[in-house]
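K.L.:
next comes the sequence, and after it the predicted model I'd like to discuss.
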Amino acid sequence: MDFNTEDDWRMQTAAPTLKFLIKRGCKVLVLSHRGRPKGINKKLSLNKNAKKLSGFLSKPVKFISHFNFEAIRKTLKESKPGSVFVLENIRFLKEEYENSPILAKKLASLGDFYVNEGFPISHRKDASVSAITKFLPSYGGFQLEKEVINLSKIIKKPAKPLLIILGGGKAGDKLGLLKFFEKRADKFLIGGEPANTLLWIKGVDIGESIVEKDNRQAFLPLLKFRKLLLPIDYHIQSKKILDIGSKTEKIFVSEIMKAGTVIWNGPLGLFEKKGFEKGSMTIARAIVSNRKCFSLAGGGETVLFLRKYEFFDKFSFVSTGGGAMLEFLAGEKLPGIVALERNHK
């Protein structure tokens with residue numbers, strides 16, 4: 001599972017798999033993480049997350065605060081069927097990052113089978129995601145199955161026209177998707193840091209807007225994409241572009257209303273700041289009003305926006321993954337999924 005989010009929606013998506021196991025008398029040990037700690041960092045403990053999970057499952061969830069595997073095995077053995085435990089942040093152990101088979105074997109010794117219900121971390125080659133499957137019969141959870149089915153549908157046979165909307169930050173993370181869909185997508189609508197970066201390369205004065213200068217060479221070929229649309233006007237504050245302008249909104253909406261499939265990753269403005277949510281609001285309204293299109297959204301910022309403004313349930317599918325979704329859609333093999341396939345389950 002993945003507790004690494006600003007609210008509890010990912011935890012909520014994992015609840016059906018956990019309830020399924022509990023109902024069948026399984027003892028469940030949840031392996032999860034928060035942040036990217038280097039060693040033990042009590043601020044990133046999962047103690048509070050265990051309490052929140054208890055609310056979703058409507059039953060007590062016990063927190064295991066240590067990594068004494070012999071003691072953990074004893075605790076699990078003495079517990080009643082249907083018991084649920086959350087192990088402390090697995091990333092407190094450096095072996096997790098190293099995909100250590102030694103750590104994986106210790107983790108595997110705690111159970112009889114493994115279920116991956118962490119699509120958002122399935123692009124990580126970590127011990128609790130990849131190596132552990134070498135030591136236990138391994139399966140995908142219900143949410144992970146939904147992710148693979150819905151994302152595969154878009155890769156294999158999307159309804160046309162296919163429209164991709166990219167915004168937010170981490171511009172470099174979007175490069176793989178842009179290149180993979182260069183000949184597959186019908187239009188790319190670009191905002192946020194990816195747009196700032198491309199405008200900067202073109203020589204447009206973007207003031208002090210956030211830009212990914214280190215990736216200039218990688219972004220340069222994108223300017224030749226004839227299907228790529230950049231903002232033509234903006235809302236600016238303190239010399240920074242913080243949202244797309246009204247003319248850009250009209251152009252983007254026109255393209256959205258013609259789409260058969262829409263993929264959206266990254267808000268088009270700084271929606272957390274009042275007055276700069278309008279561009280993303282306009283785009284979201286257009287997507288949900290196009291009843292004939294299959295709409296997919298993903299990424300932490302995007303989901304927070306959709307939940308804040310009550311668009312979440314109006315999309316065809318909302319992925320729990322950010323980086324994992326982008327990599328999957330870019331045709332890359334995710335280590336967590338490959339590990340399950342190798343396990344033949």
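P.N.:
Perfect, thanks for sending it.

K.L.:
residue 158 and residue 294 touch, don't they?
P.N.:
Yes. Residue 158 sits in contact with residue 294 when judged by CB atoms under 8 Å, with a separation of 7.3 Å. C-beta coordinates here come from the backbone N, C-alpha and C atoms, glycine included.

K.L.:
tell me where the stretch 51-200 of the chain has strands.
P.N.:
Ranges of strands in the stretch 51-200 of the chain, per DSSP state E, counting those that start in this stretch, are 62-64, 84-87, 114-116, 138-140, 162-166, 187-190.

K.L.:
neighbour-wise, which of residue 158 and residue 294 wins?
P.N.:
A direct count of neighbours by other CB atoms under 10 Å for residue 158 and residue 294 places residue 158 higher, at 22 against 19.

K.L.:
ramachandran angles for the more buried one?
P.N.:
Backbone geometry at residue 158, expressed as degrees, to the nearest 10, gives phi -70, psi 150.

K.L.:
then residue 289?
P.N.:
Note on residue 289: its backbone torsions stand at phi -80, psi -20 [degrees, to the nearest 10].

K.L.:
per-residue pLDDT, it?
P.N.:
For residue 289, the model assigns a pLDDT of 98.

K.L.:
same question for residue 4.
P.N.:
64.

K.L.:
residue 128 now?
P.N.:
Among the per-residue scores, residue 128 holds a pLDDT of 98.

K.L.:
residues in contact with it?
P.N.:
When the contact criterion is CB atoms under 8 Å, 6 or more residues apart in numbering, the partners of residue 128 are 31, 90, 96, 104, 107.

K.L.:
I'd like the distance between it and residue 151.
P.N.:
In this structure, residue 128 lies at 22 Å from residue 151, with CB to CB, to the nearest Å as the measure.

K.L.:
distance of the residue lying farthest from the centre of the chain from residue 70?
P.N.:
Residue farthest from the centre of the chain, counting by CA atoms, centre = their mean, is residue 78 at 36.1 Å. Using CB to CB, we find residue 78 at a distance of 13 Å from residue 70.

K.L.:
got the phi/psi numbers for residue 170?
P.N.:
Phi and psi for residue 170, reported as degrees, to the nearest 10, are phi 50, psi 50.

K.L.:
to clarify, my last question referred to residue 185.
P.N.:
With angles defined as degrees, to the nearest 10, residue 185 sits at phi -80, psi 150.

K.L.:
so what's the residue count around it?
P.N.:
The local packing of residue 185 (other CB under 10 Å) involves 21 other residues.

K.L.:
for it, what are its contacts?
P.N.:
With CB under 8 Å, 6+ apart as the criterion, the residues that contact residue 185 are 162, 163, 164, 227.

K.L.:
please tell me which one of the residues you listed counts the most neighbours.
P.N.:
The contacts of residue 185, ranked by neighbours (other CB under 10 Å): first place residue 163, 28 neighbours.

K.L.:
skipping adjacent residues, who's closest to that residue in space?
P.N.:
Once its chain neighbours are removed from consideration, residue 163 has its nearest residue in residue 259; the separation is 4.1 Å (CB to CB, 6 or more residues apart in numbering).

K.L.:
show the contacting residues for that neighbour.
P.N.:
Counting by CB under 8 Å, 6+ apart, residue 259 touches 161, 162, 163, 186, 187, 290, 293.

K.L.:
so where's this protein uncertain?
P.N.:
Scanning the chain for pLDDT under 70 picks out the ranges 3-7, 345.

K.L.:
switch the cut-off to 90
P.N.:
Residues of the chain meeting the criterion pLDDT under 90: 1-10, 215, 224, 226, 300, 343-345.

K.L.:
in it, which spans are helices?
P.N.:
With DSSP state H, the ranges of helices along the chain come out as 9-23, 47-57, 69-78, 94-97, 101-108, 142-156, 175-180, 192-202, 216-219, 246-256, 278-289, 300-308, 323-329, 335-342.

K.L.:
distance to residue 210 added to those helices, as TSV?
P.N.:
Converted to TSV, the helices of the chain look like this (distance: least, CB to CB, whole Å):
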stretch	distance to residue 210
helix 9-23	26
helix 47-57	30
helix 69-78	44
helix 94-97	28
helix 101-108	37
helix 142-156	28
helix 175-180	16
helix 192-202	5
helix 216-219	14
helix 246-256	18
helix 278-289	15
helix 300-308	13
helix 323-329	18
helix 335-342	30
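
K.L.:
what sits against the closest residue to residue 208 other than its chain neighbours?
P.N.:
Using CB to CB, 6+ apart and skipping residues adjacent in sequence, the residue nearest residue 208 is residue 239, 4.4 Å away. Residue 239 makes contact with 207, 208, 209, according to CB under 8 Å, 6+ apart.

K.L.:
again with residue 98
P.N.:
With CB under 8 Å, 6+ apart as the criterion, the residues that contact residue 98 are residue 127.
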